[in-house]
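**Q** Sequence unavailable; structure follows:
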């Protein structure tokens, strides 16, 4: 009977305590970032005409260490590709109005530095290239990003991107 009790105690210690510890470190992890989530690009300020600050579709995804960003960069919706055989020019014209990149990011204070691993524009994939953004939250569901440096060069009067949390 004593042996069974010892086995039960050991089993509890080996299963319950690690599970509780895992849950607590997952919830209160120092590496946890408020950026983590899926965000929709909802506004660009300033964007030329101050009465029209609604951008084309864009999505940003942040995990613990990685990001992904896809957005239509043109001021108007892109035209659909023609039916039938596509030319290189057809494909290039559609790609002109699209931004897409994924990679890693680091947070330091209110700054986020991204390093692109894959992108539509191969210039962003150079190992020495990075982009830095200042960020601030308004509540839990609104994130403002302002690019402050690109490729190590400070930017003047960059637009501010308003992102709204989707999840």
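**A** Yes, it's here. As the structure is a computational prediction, the values presented were derived from the model and not from experiment.
**Q** Tell me the helix or strand right after the helix or strand of the chain with the lowest mean pLDDT.
**A** Ranked by mean pLDDT, DSSP states H and E, the helix or strand of the chain with the weakest confidence is helix 2-27, at a mean of 37. Remark: after helix 2-27, the chain's next helix or strand is strand 37-45, criterion DSSP states H and E.
**Q** Which positions in that next one come out as buried?
**A** 37, 39, 41, 43, 44 (16 or more other CB atoms under 10 Å). (Each C-beta comes from the backbone N, C-alpha and C, glycine too.)
**Q** wait, which of the residues you listed is closest to residue 166?
**A** If you rank the buried residues of strand 37-45 by distance to residue 166 using CB to CB, residue 39 comes first, at 6.4 Å.
**Q** how much space between the closest residue to the closest one other than its chain neighbours and residue 156?
**A** Spatial nearest neighbour of residue 39, excluding adjacent residues (CB to CB, 6 or more residues apart in numbering): residue 163 at 3.8 Å. Distance, residue 163 to residue 156, using CB to CB, to the nearest Å: 22 Å.
**Q** one step back: what angle separates the helix or strand hosting the residue nearest to residue 39 from strand 37-45?
**A** Here residue 163 sits within strand 160-165, counting by DSSP H and E. Per axes from the mean of the first three to the mean of the last three CA atoms, to 10 degrees, the angle that strand 160-165 makes with strand 37-45 is 150 degrees.
**Q** Sheet partners, orientation included, of strand 160-165?
**A** Its sheet considered, strand 160-165 pairs with strand 37-45 (antiparallel), strand 142-150 (antiparallel) by DSSP bridges.
**Q** can you tell which of these is closest to residue 126?
**A** Comparison of the strands paired with strand 160-165 against residue 126 by CB to CB identifies strand 142-150 as nearest, at 12.0 Å.
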